[in-house]
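> need a structure here:
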Amino acid sequence: MGSAGGAGRPAAQSRVLFVCLGNICRSPSAEAVFKDVVARAGVADQFVIDSCGTGGGSSNWYLPGGFSYHEGDPADGRMTATARGRGITLTSRSRPLTPSDLAEFDCIVGMDAANLAAIKRAAEHWRTDAAQTGAAGSTPAAPVPADYASKLCLMTDFLTSDRFRQYREVPDPYYGGQQGFDLVLDLLDDACQGLLHSIQAGQR
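I've put the predicted structure just below:
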């Protein structure tokens with residue numbers, strides 16, 4: 001996973017965070033695929049790339065003392081094996097989104113609309129909690145910026161091939177068969193190329 005700290009960050013460096021439900025299938029694959037894309041483009045040093053989840057199905061993951069399924073786990077073995085067959089190595093371990101992610105990353109990419117809704121729900125809770133903490137005289141540890149929503153987008157926003165035009169989300173392959181894992185990588189390979197082009201064009 002990428003570092004959360006910003007010290008020593010080059011001025012031109014872009015920070016990209018991929019988000020899915022449990023951070024064991026889609027978002028770690030997006031992280032690895034995008035790392036491969038920028039490396040092949042010769043611009044890896046211009047990016048910090050990470051991934052995280054929105055609790056893996058736990059309703060209280062963003063609350064104090066909340067629980068996040070899969071936290072600390074490596075990527076799903078089926079996803080890892082499928083990616084390895086394409087020369088992509090998944091190395092991240094699952095973690096939940098944090099308030100500091102919303103402040104420190106420039107582009108936060110959800111795999112589906114439910115992911116974006118979960119991010120917004122957590123962000124609004126953290127913003128409200130921070131305001132209440134500030135009113136009590138304490139300084140919040142990681143304030144969420146007011147413009148955080150402008151950083152959010154869907155992975156499928158960056159698809160470029162007509163072959164994938166019908167997809168509005170990257171489907172969760174967790175409960176499906178091998179075809180689902182192959183589809184995830186097909187979509188990510190195309191969309192990560194489009195994401196890089198969008199960032200380089202100043203559109204993200």
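
> next structured bit after the lowest-mean-pLDDT helix or strand in the chain?
Within the chain, no helix or strand scores below helix 113-135, which has a mean of 86 by mean pLDDT, DSSP states H and E. Sequence-wise, the next helix or strand downstream of helix 113-135 (DSSP states H and E) is strand 152-154.

> just checking, what packs against that following strand?
strand 107-110, helix 113-135 (3 or more C-beta pairs under 8 Å, 6 or more residues apart in numbering; DSSP states H and E). Where you see a C-beta, it was placed from the backbone N, CA and C, and this is true even at glycine.

> who wins for proximity to Arg84 among the ones you listed?
Arg84 lies closest, by C-beta to C-beta, to one member of the helices and strands packed on strand 152-154: strand 107-110, at 22.6 Å.

> ok, the closest one: who's next to it in the sheet?
When pairs are called by DSSP bridges, strand 107-110 turns out to pair with strand 14-20 (parallel), strand 152-154 (parallel).

> quick one: residues in contact with the last one.
When contacts are taken as C-beta atoms under 8 Å, 6 or more residues apart in numbering, the neighbours of strand 152-154 outside the stretch itself are 107-113, 116, 119-120, 168-169, 204.

> closest one to Val184 out of those residues, please.
Within these, proximity to Val184 (C-beta to C-beta) peaks at Met111, which comes in at 8.7 Å.

> before we move on, the earlier item: what's the most buried one of the helices and strands packed on strand 152-154?
Mean neighbour count, computed with mean count of other C-beta atoms under 10 Å, is highest for strand 107-110 among those, reaching a mean of 25.

> pLDDT weak spots in the protein?
Counting by pLDDT under 70, the chain shows low-confidence ranges at 1-11, 131-142.

> helices of that one, start to end?
Counting by DSSP state H, the segments of the chain that form helices are 26-40, 77-84, 99-104, 113-135, 178-200.

> hmm, back to that, okay, the helices and strands packed on strand 152-154 in TSV with distance to Ile49 next?
Converted to TSV, the helices and strands packed on strand 152-154 look like this (distance: least, C-beta to C-beta, whole Å):
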stretch	distance to Ile49
strand 107-110	10
helix 113-135	17
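
> Gln178 is nearest to which of these?
Closest approach to Gln178 among the helices and strands packed on strand 152-154 is made by helix 113-135 (23.2 Å; C-beta to C-beta).

> surely Val16 meets Phe47?
Yes. Counting by C-beta atoms under 8 Å, Val16 touches Phe47, with 6.2 Å between them.

> between those two, which is the more surrounded one?
More crowded of Val16 and Phe47, by other C-beta atoms under 10 Å: Val16, with 26 against 22.

> mind listing what that one touches?
34, 47-50, 105-107, 109, 195, 199.

> and with 6 Å instead?
Neighbouring residues of Val16 by C-beta atoms under 6 Å, 6 or more residues apart in numbering: 49, 107.

> give me the beta-bridge partners of it?
Bridge pairing for Val16 - DSSP bridges - gives Ile49, Cys107.

> Gly87: how many residues sit nearby?
Here the number of neighbours of Gly87 (other C-beta under 10 Å) works out to 7.

> not counting sequence-adjacent ones, nearest residue to Arg95?
Once flanking residues are discounted, Arg95 sits nearest to Cys52: 5.2 Å by C-beta to C-beta, 6 or more residues apart in numbering.
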